[in-house]
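K.L.:
need coordinates for the below:
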Amino acid sequence: IFPFMMLFFFNRLPSALTWYYTVSNTITLLLQFVIQTYIIDHDKILAKMQDTRSKPKVKTKSKWQERYEQVMDSQKKVLELKNKTQPKK
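P.N.:
Next comes the predicted model:
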């Protein structure tokens, strides 16, 4: 619908530009229709998504998270040593 509406909206521009927009968008719409109808198997994609959802997720830590935890652990150790060495009042 939109490519044909553009034919009327851009009619004041040079004719080759209007024709280019109309033909280009019409071809794009036709290609999308062919791809969605004949090439892509939506049932296969849906089955694969359901299969992936049913599998349990293996949670791995990122390198940044591992490094962050190491820094936090070292800070805890430093704080514990500091508390041990300070005289109690």
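
K.L.:
before we move on, what SS does residue 56 have?
P.N.:
Three-state call for residue 56 (DSSP: H, G, I helix; E, B strand; the rest coil): coil.

K.L.:
what about it, how many neighbours?
P.N.:
By the criterion of other Cβ atoms under 10 Å, residue 56 has 5 neighbours. Any C-beta I mention is one placed from the backbone N, CA and C, and that applies to glycine too.

K.L.:
gap between it and residue 46?
P.N.:
20 Å (Cβ to Cβ, to the nearest Å).

K.L.:
same question for residue 52.
P.N.:
11 Å.

K.L.:
quick one: the helices in this protein, in order.
P.N.:
Ranges of helices within the chain are 2-9, 15-34, 42-54, 63-85, based on DSSP state H.

K.L.:
tell me which residue lies nearest the centroid of the protein.
P.N.:
Nearest to the geometric centre of the chain sits residue 49, at 15.6 Å (Cα atoms, centre = their mean).

K.L.:
what residue ranges in this structure score low on pLDDT?
P.N.:
Along the chain, the parts satisfying pLDDT under 70 run over 1, 3-4, 7, 10-11, 13, 15, 88-89.

K.L.:
now with 80, please.
P.N.:
For the chain, applying pLDDT under 80 flags the ranges 1-19, 21, 86-89.

K.L.:
please tell me I have it right and residue 21 contacts residue 6.
P.N.:
Yes. Assessed by Cβ atoms under 8 Å, residue 21 is found in contact with residue 6 at 5.2 Å.

K.L.:
got a list of contacts for stretch 70-80?
P.N.:
Around stretch 70-80, nothing counts as a contact under Cβ atoms under 8 Å, 6 or more residues apart in numbering.

K.L.:
state the number of residues packed around residue 84.
P.N.:
Neighbours around residue 84, by other Cβ under 10 Å: 7.

K.L.:
hmm, I was thinking of residue 35
P.N.:
Residues near residue 35, counting by other Cβ under 10 Å, number 10.
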